[in-house]
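Enquirer: A predicted structure for the sequence below; I have some questions about it.
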Amino acid sequence: MVRLLLLLLGLALPAAAEEVVADLSQDRVSISTSFSGSEILIFGAIKRSAPPPLQPPLAVIVTLEGPDEEVIVRRKDRVAGIWVNVEGIEVERAPSFYAVASTRPLEEALSHTDDLRWRISTAQKLRAIDATSTAVNASAFLDALVRVRQAEGVYTRAEGTVQLRDDTLFSTQIALPSALTEGNYETRIFLTRGGRVIDSYATSIFVSKVGLERFIYGLAHDQPLVYGILSLVIAIAAGWIASAVFRYILP
Amino acid sequence: MQIYLPIAEVSVNAFLLLGLGGIVGILSGMFGVGGGFLMTPLLFMIGIPPAVAVATEANIIVASSFSGVLAHFRRKTVDLRMGFVLLVGGLIGAGLGVQVFALLREMGQVDLLVRLCYVLFLGIIGALMFVESLNAIRRSRAEGPAPRTVRRQRGWIHALPLKMKFRTSGLYISVIPPLAVGLFVGILAAIMGVGGGFIMVPAMIYLLGMPTKVVVGTSLFQIIFVTGFATLLHATTNYTVDMVLAVLLLVGGVVGAQIGARLGTRLKAEQLRILLAIMVLAVCGKLALDLLIEPAELYSIGTGGEH
(Lines give C-alpha, C1' and ligand atoms only; values in the text may rest on other atoms or scores of the structure.)
Protein backbone atom coordinates (compact mmCIF):
# COMPACT_ATOMS: atom_id res chain seq x y z
CA MET A 1 0.00 0.00 0.00
CA VAL A 2 2.72 2.43 1.08
CA ARG A 3 4.86 1.33 -1.80
CA LEU A 4 2.02 1.78 -4.23
CA LEU A 5 1.47 5.26 -2.90
CA LEU A 6 5.12 6.11 -3.27
CA LEU A 7 5.05 4.68 -6.79
CA LEU A 8 2.13 6.92 -7.68
CA LEU A 9 3.90 9.89 -6.16
CA GLY A 10 6.95 8.92 -8.15
CA LEU A 11 4.91 8.92 -11.36
CA ALA A 12 3.65 12.36 -10.53
CA LEU A 13 7.21 13.68 -10.59
CA PRO A 14 8.57 15.24 -13.78
CA ALA A 15 9.89 12.51 -16.05
CA ALA A 16 13.06 11.58 -14.25
CA ALA A 17 16.25 11.74 -16.15
CA GLU A 18 17.95 10.21 -13.14
CA GLU A 19 16.62 7.22 -11.23
CA VAL A 20 17.68 5.47 -8.03
CA VAL A 21 18.41 1.77 -8.09
CA ALA A 22 19.10 0.43 -4.62
CA ASP A 23 19.34 -2.65 -2.46
CA LEU A 24 19.98 -3.62 1.15
CA SER A 25 22.55 -5.97 2.62
CA GLN A 26 19.65 -7.83 4.21
CA ASP A 27 15.91 -7.57 3.97
CA ARG A 28 15.22 -9.27 7.27
CA VAL A 29 16.72 -9.02 10.72
CA SER A 30 16.37 -11.95 13.09
CA ILE A 31 16.38 -11.25 16.80
CA SER A 32 17.97 -14.24 18.47
CA THR A 33 19.09 -14.58 22.09
CA SER A 34 22.52 -13.18 21.30
CA PHE A 35 21.16 -10.25 19.28
CA SER A 36 22.95 -7.03 20.15
CA GLY A 37 22.10 -4.68 17.34
CA SER A 38 22.68 -4.91 13.61
CA GLU A 39 24.24 -2.88 10.82
CA ILE A 40 22.28 -2.46 7.64
CA LEU A 41 24.20 -1.63 4.49
CA ILE A 42 22.16 0.36 2.00
CA PHE A 43 23.72 0.78 -1.41
CA GLY A 44 22.78 1.59 -4.96
CA ALA A 45 23.42 3.53 -8.12
CA ILE A 46 21.89 6.31 -10.15
CA LYS A 47 20.61 5.23 -13.55
CA ARG A 48 20.74 7.80 -16.32
CA SER A 49 19.46 7.99 -19.87
CA ALA A 50 21.42 11.17 -20.59
CA PRO A 51 24.62 12.77 -19.26
CA PRO A 52 24.02 14.34 -15.84
CA PRO A 53 23.52 18.09 -15.57
CA LEU A 54 26.46 19.87 -13.98
CA GLN A 55 24.39 22.04 -11.65
CA PRO A 56 22.76 22.02 -9.14
CA PRO A 57 24.72 19.38 -7.16
CA LEU A 58 23.36 15.92 -6.46
CA ALA A 59 22.54 14.66 -2.97
CA VAL A 60 21.35 11.32 -1.60
CA ILE A 61 19.23 11.03 1.56
CA VAL A 62 18.45 7.68 3.19
CA THR A 63 15.86 7.20 5.93
CA LEU A 64 15.07 4.13 8.01
CA GLU A 65 11.91 4.08 10.05
CA GLY A 66 10.70 1.61 12.68
CA PRO A 67 7.06 0.66 13.28
CA ASP A 68 4.82 3.34 14.77
CA GLU A 69 3.80 3.20 18.41
CA GLU A 70 1.64 5.23 20.74
CA VAL A 71 3.62 7.30 23.23
CA ILE A 72 2.80 9.68 26.04
CA VAL A 73 5.08 12.67 26.57
CA ARG A 74 4.83 14.09 30.07
CA ARG A 75 6.22 17.25 31.58
CA LYS A 76 7.30 17.61 35.20
CA ASP A 77 6.91 20.68 37.33
CA ARG A 78 7.44 21.53 40.98
CA VAL A 79 4.32 21.13 43.07
CA ALA A 80 4.62 21.66 46.83
CA GLY A 81 8.36 21.13 46.67
CA ILE A 82 8.41 17.88 44.74
CA TRP A 83 8.73 17.22 41.03
CA VAL A 84 5.65 15.61 39.58
CA ASN A 85 4.17 15.06 36.13
CA VAL A 86 1.80 17.95 35.64
CA GLU A 87 0.72 17.60 32.04
CA GLY A 88 1.16 15.29 29.13
CA ILE A 89 0.16 14.73 25.57
CA GLU A 90 -0.62 11.51 23.81
CA VAL A 91 1.12 11.04 20.51
CA GLU A 92 -0.82 8.43 18.61
CA ARG A 93 1.81 7.39 16.12
CA ALA A 94 5.50 8.06 16.63
CA PRO A 95 8.13 5.89 14.91
CA SER A 96 9.90 3.60 17.37
CA PHE A 97 13.12 4.23 15.42
CA TYR A 98 14.08 6.87 12.89
CA ALA A 99 17.41 7.42 11.20
CA VAL A 100 18.27 9.97 8.53
CA ALA A 101 21.58 9.75 6.67
CA SER A 102 22.65 12.07 3.89
CA THR A 103 25.60 12.94 1.70
CA ARG A 104 25.76 16.47 3.11
CA PRO A 105 23.92 18.63 5.69
CA LEU A 106 20.19 18.19 5.34
CA GLU A 107 19.57 21.93 5.04
CA GLU A 108 21.64 22.00 1.84
CA ALA A 109 20.42 18.72 0.44
CA LEU A 110 16.74 19.35 0.95
CA SER A 111 14.49 22.37 0.56
CA HIS A 112 11.88 23.07 3.21
CA THR A 113 8.98 22.56 0.77
CA ASP A 114 10.20 19.13 -0.27
CA ASP A 115 10.85 18.23 3.35
CA LEU A 116 7.24 19.14 4.11
CA ARG A 117 6.03 17.10 1.19
CA TRP A 118 8.08 13.97 1.75
CA ARG A 119 8.39 14.23 5.53
CA ILE A 120 12.05 13.42 5.60
CA SER A 121 13.60 15.20 8.59
CA THR A 122 12.70 13.94 12.08
CA ALA A 123 10.89 17.18 12.86
CA GLN A 124 8.68 16.88 9.78
CA LYS A 125 8.15 13.19 10.38
CA LEU A 126 6.71 13.95 13.81
CA ARG A 127 4.86 17.06 12.69
CA ALA A 128 2.69 14.78 10.60
CA ILE A 129 1.33 12.89 13.55
CA ASP A 130 -1.67 14.31 15.26
CA ALA A 131 -1.15 14.86 18.92
CA THR A 132 -4.35 14.91 20.92
CA SER A 133 -3.58 17.20 23.77
CA THR A 134 -4.84 19.28 26.59
CA ALA A 135 -1.52 21.07 26.77
CA VAL A 136 -1.29 24.53 25.29
CA ASN A 137 2.11 24.06 23.79
CA ALA A 138 2.11 20.77 21.87
CA SER A 139 5.20 21.65 19.84
CA ALA A 140 7.31 21.89 23.00
CA PHE A 141 6.29 18.32 23.76
CA LEU A 142 7.15 17.14 20.26
CA ASP A 143 10.55 18.86 20.51
CA ALA A 144 11.09 17.10 23.82
CA LEU A 145 10.15 13.76 22.26
CA VAL A 146 12.82 14.25 19.58
CA ARG A 147 15.38 15.46 22.14
CA VAL A 148 14.89 12.55 24.53
CA ARG A 149 14.88 9.97 21.76
CA GLN A 150 17.99 11.48 20.16
CA ALA A 151 19.74 11.24 23.53
CA GLU A 152 18.70 7.58 23.68
CA GLY A 153 20.07 7.06 20.17
CA VAL A 154 16.69 5.98 18.83
CA TYR A 155 16.32 8.96 16.52
CA THR A 156 19.54 9.68 14.66
CA ARG A 157 20.62 12.14 12.06
CA ALA A 158 23.91 11.37 10.38
CA GLU A 159 24.96 13.99 7.87
CA GLY A 160 27.78 13.17 5.50
CA THR A 161 27.60 9.42 6.14
CA VAL A 162 26.26 8.54 2.72
CA GLN A 163 29.21 8.06 0.37
CA LEU A 164 28.63 9.12 -3.20
CA ARG A 165 31.18 8.12 -5.86
CA ASP A 166 31.35 9.85 -9.20
CA ASP A 167 27.78 11.03 -8.73
CA THR A 168 26.71 7.47 -9.50
CA LEU A 169 27.36 4.92 -6.76
CA PHE A 170 26.29 5.47 -3.21
CA SER A 171 26.32 3.49 0.02
CA THR A 172 25.69 4.00 3.71
CA GLN A 173 25.45 1.99 6.89
CA ILE A 174 22.74 2.45 9.46
CA ALA A 175 23.09 0.84 12.88
CA LEU A 176 19.99 -0.72 14.37
CA PRO A 177 20.07 -0.60 18.21
CA SER A 178 19.77 -3.73 20.34
CA ALA A 179 16.43 -2.61 21.75
CA LEU A 180 14.43 -3.23 18.59
CA THR A 181 10.70 -3.54 18.20
CA GLU A 182 9.40 -6.20 15.86
CA GLY A 183 7.83 -5.17 12.59
CA ASN A 184 8.48 -3.67 9.18
CA TYR A 185 11.24 -1.11 8.95
CA GLU A 186 10.58 1.19 6.03
CA THR A 187 13.65 2.33 4.10
CA ARG A 188 13.43 5.34 1.78
CA ILE A 189 16.09 6.71 -0.53
CA PHE A 190 15.76 10.19 -2.01
CA LEU A 191 17.76 11.71 -4.82
CA THR A 192 17.83 15.50 -4.76
CA ARG A 193 19.23 18.27 -6.88
CA GLY A 194 19.18 21.82 -5.58
CA GLY A 195 17.02 20.74 -2.66
CA ARG A 196 14.34 19.23 -4.89
CA VAL A 197 13.55 15.53 -4.75
CA ILE A 198 14.01 14.17 -8.26
CA ASP A 199 13.55 10.49 -7.54
CA SER A 200 12.85 8.17 -4.65
CA TYR A 201 12.90 4.50 -3.83
CA ALA A 202 11.31 2.59 -0.96
CA THR A 203 11.70 -0.88 0.42
CA SER A 204 11.37 -2.51 3.80
CA ILE A 205 13.26 -4.68 6.24
CA PHE A 206 11.34 -7.23 8.24
CA VAL A 207 12.48 -7.50 11.86
CA SER A 208 11.29 -10.51 13.86
CA LYS A 209 12.21 -12.65 16.81
CA VAL A 210 13.38 -16.19 16.08
CA GLY A 211 14.01 -19.43 17.99
CA LEU A 212 13.77 -19.27 21.76
CA GLU A 213 12.86 -15.58 21.67
CA ARG A 214 9.93 -16.30 19.36
CA PHE A 215 8.83 -19.27 21.48
CA ILE A 216 8.87 -17.40 24.80
CA TYR A 217 7.19 -14.34 23.37
CA GLY A 218 4.53 -16.47 21.70
CA LEU A 219 3.85 -18.52 24.82
CA ALA A 220 3.57 -15.41 26.99
CA HIS A 221 0.92 -13.95 24.71
CA ASP A 222 -0.96 -17.05 23.57
CA GLN A 223 -0.97 -19.08 26.78
CA PRO A 224 -0.46 -16.53 29.56
CA LEU A 225 -1.64 -18.80 32.37
CA VAL A 226 0.61 -21.66 31.27
CA TYR A 227 3.45 -19.18 30.91
CA GLY A 228 2.82 -17.76 34.39
CA ILE A 229 2.71 -21.19 36.00
CA LEU A 230 5.84 -22.23 34.11
CA SER A 231 7.62 -19.10 35.39
CA LEU A 232 6.66 -20.04 38.95
CA VAL A 233 7.76 -23.67 38.50
CA ILE A 234 11.14 -22.50 37.18
CA ALA A 235 11.49 -20.09 40.10
CA ILE A 236 10.65 -22.72 42.72
CA ALA A 237 12.84 -25.35 41.08
CA ALA A 238 15.77 -22.92 40.97
CA GLY A 239 15.25 -22.05 44.62
CA TRP A 240 15.07 -25.70 45.61
CA ILE A 241 18.10 -26.76 43.58
CA ALA A 242 20.22 -23.95 45.02
CA SER A 243 19.16 -24.93 48.52
CA ALA A 244 19.94 -28.62 47.90
CA VAL A 245 23.31 -27.88 46.33
CA PHE A 246 24.33 -25.60 49.18
CA ARG A 247 23.26 -28.12 51.75
CA TYR A 248 25.48 -30.66 50.03
CA ILE A 249 28.59 -28.50 49.73
CA LEU A 250 28.21 -26.47 52.95
CA PRO A 251 26.54 -28.66 55.55
CA MET B 1 27.98 -11.36 27.07
CA GLN B 2 24.94 -9.54 25.73
CA ILE B 3 21.61 -11.27 25.82
CA TYR B 4 18.34 -10.16 24.24
CA LEU B 5 15.31 -10.33 26.53
CA PRO B 6 12.19 -11.48 24.66
CA ILE B 7 9.54 -9.61 26.67
CA ALA B 8 11.51 -6.55 27.81
CA GLU B 9 12.82 -6.24 24.22
CA VAL B 10 16.21 -4.91 25.25
CA SER B 11 19.68 -6.39 25.13
CA VAL B 12 21.62 -6.44 28.41
CA ASN B 13 24.77 -7.99 29.81
CA ALA B 14 24.07 -11.44 31.27
CA PHE B 15 26.81 -11.17 33.92
CA LEU B 16 25.47 -7.85 35.11
CA LEU B 17 22.11 -9.53 35.71
CA LEU B 18 23.71 -12.49 37.50
CA GLY B 19 25.66 -10.10 39.74
CA LEU B 20 22.65 -7.96 40.56
CA GLY B 21 20.67 -11.08 41.39
CA GLY B 22 23.45 -12.33 43.65
CA ILE B 23 23.81 -9.15 45.69
CA VAL B 24 20.09 -8.72 46.20
CA GLY B 25 19.83 -12.46 46.99
CA ILE B 26 22.37 -12.17 49.82
CA LEU B 27 20.36 -9.34 51.38
CA SER B 28 17.19 -11.34 50.93
CA GLY B 29 18.55 -14.38 52.76
CA MET B 30 20.08 -12.28 55.52
CA PHE B 31 17.13 -10.09 56.38
CA GLY B 32 14.15 -12.06 55.17
CA VAL B 33 13.16 -9.27 52.83
CA GLY B 34 12.34 -10.16 49.24
CA GLY B 35 14.72 -7.51 48.00
CA GLY B 36 12.12 -6.09 45.61
CA PHE B 37 12.48 -2.58 46.97
CA LEU B 38 16.14 -2.67 45.91
CA MET B 39 15.92 -4.73 42.74
CA THR B 40 13.02 -2.91 41.11
CA PRO B 41 14.76 0.52 41.07
CA LEU B 42 18.02 -1.16 39.96
CA LEU B 43 16.24 -2.76 37.00
CA PHE B 44 14.82 0.64 35.99
CA MET B 45 18.37 1.98 36.06
CA ILE B 46 19.74 -0.61 33.62
CA GLY B 47 16.96 0.18 31.18
CA ILE B 48 14.32 -2.51 31.75
CA PRO B 49 10.83 -1.08 31.09
CA PRO B 50 9.12 -0.41 34.47
CA ALA B 51 6.11 -2.66 33.82
CA VAL B 52 8.38 -5.61 32.97
CA ALA B 53 10.69 -4.87 35.91
CA VAL B 54 7.85 -4.92 38.45
CA ALA B 55 6.23 -8.09 37.10
CA THR B 56 9.46 -10.03 36.66
CA GLU B 57 10.61 -8.95 40.10
CA ALA B 58 7.59 -10.68 41.63
CA ASN B 59 8.68 -13.90 39.93
CA ILE B 60 12.26 -13.55 41.16
CA ILE B 61 11.15 -12.96 44.73
CA VAL B 62 9.34 -16.31 44.61
CA ALA B 63 12.62 -18.05 43.78
CA SER B 64 14.86 -16.32 46.30
CA SER B 65 12.24 -16.59 49.05
CA PHE B 66 11.76 -20.30 48.36
CA SER B 67 15.48 -20.90 48.49
CA GLY B 68 15.72 -18.91 51.72
CA VAL B 69 12.74 -20.52 53.39
CA LEU B 70 14.16 -24.03 52.88
CA ALA B 71 17.24 -23.06 54.84
CA HIS B 72 14.98 -21.70 57.59
CA PHE B 73 12.80 -24.83 57.59
CA ARG B 74 15.85 -26.93 58.30
CA ARG B 75 16.73 -24.75 61.25
CA LYS B 76 13.08 -24.89 62.32
CA THR B 77 12.76 -21.13 62.31
CA VAL B 78 9.48 -20.95 60.41
CA ASP B 79 6.23 -20.50 62.29
CA LEU B 80 3.94 -22.29 59.83
CA ARG B 81 0.74 -21.52 61.67
CA MET B 82 1.56 -17.81 61.84
CA GLY B 83 2.63 -17.97 58.19
CA PHE B 84 -0.76 -19.30 57.12
CA VAL B 85 -2.65 -16.67 59.09
CA LEU B 86 -0.50 -13.92 57.53
CA LEU B 87 -0.97 -15.50 54.11
CA VAL B 88 -4.77 -15.40 54.30
CA GLY B 89 -4.57 -11.69 55.06
CA GLY B 90 -1.91 -11.22 52.39
CA LEU B 91 -3.87 -12.79 49.54
CA ILE B 92 -6.98 -10.77 50.36
CA GLY B 93 -4.80 -7.67 50.62
CA ALA B 94 -3.09 -8.33 47.28
CA GLY B 95 -6.47 -8.70 45.60
CA LEU B 96 -7.63 -5.42 47.12
CA GLY B 97 -4.33 -3.76 46.25
CA VAL B 98 -4.71 -4.62 42.57
CA GLN B 99 -8.11 -2.93 42.60
CA VAL B 100 -6.69 0.15 44.33
CA PHE B 101 -3.85 0.21 41.80
CA ALA B 102 -6.28 0.12 38.88
CA LEU B 103 -8.26 2.95 40.45
CA LEU B 104 -5.16 5.10 40.95
CA ARG B 105 -4.10 4.38 37.41
CA GLU B 106 -7.34 5.75 36.06
CA MET B 107 -6.83 8.90 38.11
CA GLY B 108 -3.27 9.24 36.74
CA GLN B 109 -0.24 9.98 38.94
CA VAL B 110 0.14 6.37 40.03
CA ASP B 111 3.87 6.79 39.55
CA LEU B 112 4.07 9.58 42.08
CA LEU B 113 1.90 7.75 44.59
CA VAL B 114 4.07 4.66 44.41
CA ARG B 115 7.15 6.79 45.00
CA LEU B 116 5.58 8.65 47.89
CA CYS B 117 4.51 5.32 49.40
CA TYR B 118 8.11 4.12 49.20
CA VAL B 119 9.56 7.26 50.77
CA LEU B 120 6.97 7.32 53.53
CA PHE B 121 7.14 3.67 54.55
CA LEU B 122 10.85 3.20 54.08
CA GLY B 123 11.49 6.41 56.01
CA ILE B 124 9.29 5.59 58.98
CA ILE B 125 10.36 1.97 59.28
CA GLY B 126 14.02 2.69 58.68
CA ALA B 127 14.11 5.43 61.29
CA LEU B 128 12.22 3.39 63.91
CA MET B 129 14.40 0.33 63.45
CA PHE B 130 17.58 2.37 63.47
CA VAL B 131 16.78 4.11 66.74
CA GLU B 132 15.50 0.94 68.39
CA SER B 133 18.47 -1.23 67.46
CA LEU B 134 20.94 1.52 68.34
CA ASN B 135 19.38 1.70 71.80
CA ALA B 136 19.50 -2.07 72.12
CA ILE B 137 23.19 -2.14 71.23
CA ARG B 138 23.96 0.70 73.63
CA ARG B 139 22.07 -1.07 76.40
CA SER B 140 23.86 -4.37 75.90
CA ARG B 141 27.23 -2.58 75.82
CA ALA B 142 26.49 -0.67 79.02
CA GLU B 143 25.27 -3.61 81.02
CA GLY B 144 27.40 -6.31 79.53
CA PRO B 145 25.46 -9.49 78.81
CA ALA B 146 22.12 -8.27 80.10
CA PRO B 147 19.54 -10.76 81.28
CA ARG B 148 17.24 -11.19 78.33
CA THR B 149 14.11 -9.31 79.15
CA VAL B 150 11.10 -11.18 77.91
CA ARG B 151 8.95 -8.59 76.27
CA ARG B 152 5.31 -9.48 76.46
CA GLN B 153 2.86 -6.89 75.37
CA ARG B 154 -0.04 -6.95 77.78
CA GLY B 155 -2.07 -4.39 75.93
CA TRP B 156 -5.07 -4.26 73.69
CA ILE B 157 -3.67 -6.96 71.44
CA HIS B 158 -4.21 -9.50 74.18
CA ALA B 159 -7.74 -8.38 74.83
CA LEU B 160 -8.88 -9.38 71.34
CA PRO B 161 -10.91 -12.55 70.78
CA LEU B 162 -10.13 -15.59 68.57
CA LYS B 163 -6.93 -16.47 70.35
CA MET B 164 -4.63 -19.02 68.84
CA LYS B 165 -1.50 -20.71 70.05
CA PHE B 166 1.61 -20.10 67.93
CA ARG B 167 4.00 -22.60 69.45
CA THR B 168 7.07 -21.84 67.34
CA SER B 169 6.83 -18.16 68.18
CA GLY B 170 5.89 -18.86 71.79
CA LEU B 171 2.82 -16.66 71.48
CA TYR B 172 -0.79 -16.99 72.46
CA ILE B 173 -2.54 -14.12 70.74
CA SER B 174 -5.65 -13.32 68.76
CA VAL B 175 -5.51 -14.04 65.00
CA ILE B 176 -6.84 -10.55 64.24
CA PRO B 177 -3.51 -8.64 64.47
CA PRO B 178 -1.59 -11.07 62.20
CA LEU B 179 -4.49 -11.10 59.73
CA ALA B 180 -4.49 -7.32 59.70
CA VAL B 181 -0.71 -7.19 59.24
CA GLY B 182 -0.97 -9.65 56.34
CA LEU B 183 -3.79 -7.70 54.75
CA PHE B 184 -2.01 -4.39 55.03
CA VAL B 185 1.24 -5.79 53.64
CA GLY B 186 -0.67 -7.47 50.81
CA ILE B 187 -2.23 -4.17 49.76
CA LEU B 188 1.11 -2.36 49.86
CA ALA B 189 2.83 -5.23 48.04
CA ALA B 190 0.41 -4.99 45.14
CA ILE B 191 0.65 -1.20 44.95
CA MET B 192 4.41 -0.94 45.35
CA GLY B 193 5.34 -4.04 43.38
CA VAL B 194 7.42 -5.64 46.13
CA GLY B 195 7.14 -8.66 48.44
CA GLY B 196 6.55 -6.45 51.45
CA GLY B 197 9.08 -8.10 53.77
CA PHE B 198 10.62 -4.78 54.74
CA ILE B 199 7.27 -3.80 56.25
CA MET B 200 6.27 -7.22 57.55
CA VAL B 201 9.52 -8.01 59.38
CA PRO B 202 9.33 -4.94 61.66
CA ALA B 203 5.57 -5.39 62.07
CA MET B 204 6.10 -8.95 63.28
CA ILE B 205 8.85 -7.96 65.70
CA TYR B 206 7.35 -4.81 67.16
CA LEU B 207 3.62 -5.30 66.74
CA LEU B 208 3.13 -9.03 67.21
CA GLY B 209 6.12 -9.46 69.49
CA MET B 210 7.49 -12.48 67.63
CA PRO B 211 11.07 -13.56 68.37
CA THR B 212 13.50 -12.21 65.72
CA LYS B 213 14.73 -15.76 65.10
CA VAL B 214 11.48 -16.98 63.54
CA VAL B 215 10.45 -13.69 61.94
CA VAL B 216 12.67 -14.01 58.86
CA GLY B 217 11.65 -17.55 57.93
CA THR B 218 7.96 -16.88 58.52
CA SER B 219 8.07 -13.70 56.47
CA LEU B 220 9.77 -15.51 53.57
CA PHE B 221 7.15 -18.25 53.74
CA GLN B 222 4.30 -15.77 53.34
CA ILE B 223 6.10 -13.78 50.63
CA ILE B 224 6.42 -16.83 48.36
CA PHE B 225 2.67 -17.13 48.03
CA VAL B 226 1.81 -13.47 47.80
CA THR B 227 4.41 -12.81 45.08
CA GLY B 228 3.50 -16.05 43.29
CA PHE B 229 -0.08 -14.80 43.12
CA ALA B 230 1.16 -11.43 41.83
CA THR B 231 3.28 -13.13 39.15
CA LEU B 232 0.25 -14.98 37.83
CA LEU B 233 -1.83 -11.79 37.80
CA HIS B 234 0.87 -9.90 35.88
CA ALA B 235 1.46 -12.76 33.43
CA THR B 236 -2.21 -13.12 32.56
CA THR B 237 -3.25 -9.47 32.49
CA ASN B 238 -0.20 -7.49 31.33
CA TYR B 239 2.05 -10.15 29.68
CA THR B 240 5.00 -8.47 31.34
CA VAL B 241 6.83 -11.36 33.05
CA ASP B 242 10.14 -11.86 31.25
CA MET B 243 11.25 -15.45 31.74
CA VAL B 244 14.79 -14.97 30.45
CA LEU B 245 15.36 -11.94 32.68
CA ALA B 246 13.87 -13.84 35.62
CA VAL B 247 16.06 -16.92 35.11
CA LEU B 248 19.27 -14.88 34.95
CA LEU B 249 18.42 -12.84 38.03
CA LEU B 250 17.19 -15.80 40.03
CA VAL B 251 20.24 -17.96 39.35
CA GLY B 252 22.25 -15.22 41.03
CA GLY B 253 19.48 -14.65 43.53
CA VAL B 254 19.04 -18.18 44.87
CA VAL B 255 22.77 -18.63 45.35
CA GLY B 256 22.92 -15.27 47.11
CA ALA B 257 19.96 -16.17 49.33
CA GLN B 258 21.76 -19.30 50.55
CA ILE B 259 24.89 -17.35 51.40
CA GLY B 260 22.78 -14.65 53.03
CA ALA B 261 20.86 -17.09 55.22
CA ARG B 262 24.17 -18.47 56.55
CA LEU B 263 25.66 -15.02 57.10
CA GLY B 264 22.52 -14.00 58.95
CA THR B 265 22.97 -16.67 61.63
CA ARG B 266 26.45 -15.32 62.44
CA LEU B 267 25.27 -11.79 63.16
CA LYS B 268 23.49 -10.69 66.30
CA ALA B 269 19.84 -9.69 65.99
CA GLU B 270 20.60 -6.04 66.80
CA GLN B 271 23.38 -5.83 64.24
CA LEU B 272 21.13 -7.43 61.64
CA ARG B 273 18.41 -4.92 62.35
CA ILE B 274 20.70 -1.91 62.27
CA LEU B 275 22.12 -3.00 58.91
CA LEU B 276 18.64 -3.42 57.48
CA ALA B 277 17.65 -0.03 58.89
CA ILE B 278 20.63 1.69 57.22
CA MET B 279 19.80 0.06 53.89
CA VAL B 280 16.14 1.01 54.09
CA LEU B 281 17.08 4.60 54.93
CA ALA B 282 19.55 4.78 52.04
CA VAL B 283 16.94 3.69 49.48
CA CYS B 284 14.44 6.09 51.03
CA GLY B 285 16.93 8.97 50.78
CA LYS B 286 17.66 8.22 47.13
CA LEU B 287 13.96 8.17 46.25
CA ALA B 288 13.28 11.35 48.21
CA LEU B 289 16.13 13.15 46.43
CA ASP B 290 14.71 12.13 43.06
CA LEU B 291 11.47 13.82 44.01
CA LEU B 292 13.12 16.95 45.41
CA ILE B 293 15.92 17.74 42.98
CA GLU B 294 15.05 19.32 39.66
CA PRO B 295 15.47 16.64 36.98
CA ALA B 296 17.86 17.36 34.08
CA GLU B 297 15.15 16.48 31.59
CA LEU B 298 11.69 17.70 32.53
CA TYR B 299 10.00 15.63 29.87
CA SER B 300 9.61 11.88 29.93
CA ILE B 301 8.25 9.43 27.41
CA GLY B 302 5.98 6.53 28.20
CA THR B 303 4.74 4.01 25.68
CA GLY B 304 1.04 3.36 25.19
CA GLY B 305 0.18 0.47 27.47
CA GLU B 306 2.22 1.21 30.57
CA HIS B 307 2.62 3.97 33.11
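Expert: Okay, I see it.

Enquirer: in the stretch 151-251 of chain A, what spans have low per-residue confidence?
Expert: A:250-251 (pLDDT under 70).

Enquirer: got the residues of it near chain B?
Expert: A:151, A:178-181, A:209, A:212-214, A:216-217, A:220-221, A:224-225, A:227-232, A:234-236, A:238-243, A:246-247, A:250 (Cβ under 8 Å from any Cβ of the partner chain). Glycine gets a C-beta too; all of them are placed from N, C-alpha and C.

Enquirer: quick one: which of the residues you listed sit in helices?
Expert: Those of those mapping onto helices are A:151, A:212-214, A:216-217, A:220-221, A:224-225, A:227-232, A:234-236, A:238-243, A:246-247, per DSSP state H.

Enquirer: that older thread, whichever of the residues of the stretch 151-251 of chain A next to chain B end up buried, select them in ChimeraX.
Expert: Here is the ChimeraX command that picks out the buried ones among those, judged by 16 or more other Cβ atoms under 10 Å in any protein chain shown:
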select /A:178,179,180,181,209,213,214,216,217,220,224,227,228,229,230,231,232,234,235,236,238,239,242,243,246
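
Enquirer: What parts of the stretch 201-307 of chain B come near chain A?
Expert: Going by Cβ under 8 Å from any Cβ, the residues of the stretch 201-307 of chain B near chain A are B:228, B:231-232, B:234-236, B:239, B:241, B:243-244, B:246-247, B:250-251, B:254-255, B:257-258, B:262, B:290-295, B:297-304.

Enquirer: On the three-state scheme, the closest residue to A:Ala235 other than its chain neighbours is what?
Expert: Once flanking residues are discounted, A:Ala235 sits nearest to B:Ala63: 3.7 Å by Cβ to Cβ, 6 or more residues apart in numbering or on different chains. Of the three states, B:Ala63 takes helix under DSSP: H, G, I helix; E, B strand; the rest coil.

Enquirer: burial of B:Ala63, as a residue count?
Expert: 32 (other Cβ atoms under 10 Å in any protein chain shown).

Enquirer: Roughly how far does it sit from B:Leu134?
Expert: The spacing between B:Ala63 and B:Leu134, counted by Cβ to Cβ, to the nearest Å, is 34 Å.

Enquirer: What ranges does chain B have for its strands?
Expert: Here chain B has its strands, by DSSP state E, at B:2-4, B:11-13, B:163-166, B:171-174, B:299-303.

Enquirer: Sheet-wise, list the partners of the fourth one with their directions.
Expert: Read that as strand B:171-174. strand B:163-166 (antiparallel) (DSSP bridges).

Enquirer: got the buried residues for the strand it pairs with?
Expert: B:Phe166.

Enquirer: what's the answer for stretch B:123-134, then?
Expert: Neighbour count says stretch B:123-134 has B:Gly123, B:Ile125, B:Gly126, B:Met129, B:Phe130, B:Glu132, B:Ser133 buried, by 16+ other Cβ under 10 Å.

Enquirer: With distance to A:Arg104 and pLDDT as extra columns, can I get these in a markdown table?
Expert: Below are the buried residues of stretch B:123-134 laid out as a markdown table (distance: Cβ to Cβ, whole Å; pLDDT from 0 to 100):
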| residue | distance to A:Arg104 | pLDDT |
| --- | --- | --- |
| B:Gly123 | 57 | 87 |
| B:Ile125 | 61 | 78 |
| B:Gly126 | 58 | 84 |
| B:Met129 | 64 | 80 |
| B:Phe130 | 63 | 86 |
| B:Glu132 | 69 | 81 |
| B:Ser133 | 67 | 82 |
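
Enquirer: Format those as TSV; extra columns: distance to chain A.
Expert: Listed next are these as TSV, based on distance: Cβ to the nearest Cβ, whole Å:
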residue	distance to chain A
B:Gly123	14
B:Ile125	21
B:Gly126	19
B:Met129	25
B:Phe130	24
B:Glu132	29
B:Ser133	28
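
Enquirer: quick check: mean pLDDT across stretch A:61-78?
Expert: The average of the pLDDT scores along stretch A:61-78 is 85.

Enquirer: Return the set of buried residues in that stretch.
Expert: A:61-67, A:69, A:71-76.

Enquirer: Look up the closest residue to B:Ser11, ignoring the ones flanking it.
Expert: Closest to B:Ser11 by Cβ to Cβ, 6+ apart is A:Ser178, at 3.2 Å.

Enquirer: Tell me if A:Phe43 really is in a strand.
Expert: Yes. With three-state DSSP as the criterion, A:Phe43 is part of a strand.

Enquirer: residue ranges of the strands in the stretch 101-250 of chain A, please?
Expert: Ranges of strands in the stretch 101-250 of chain A, per DSSP state E, counting those that start in this stretch, are A:131-133, A:155-159, A:163-165, A:169-176, A:183-193, A:196-209.

Enquirer: Which one of those lies nearest to B:Phe84?
Expert: Set against B:Phe84 and scored by Cβ to Cβ, the strands of the stretch 101-250 of chain A come closest in strand A:196-209, at 42.1 Å.
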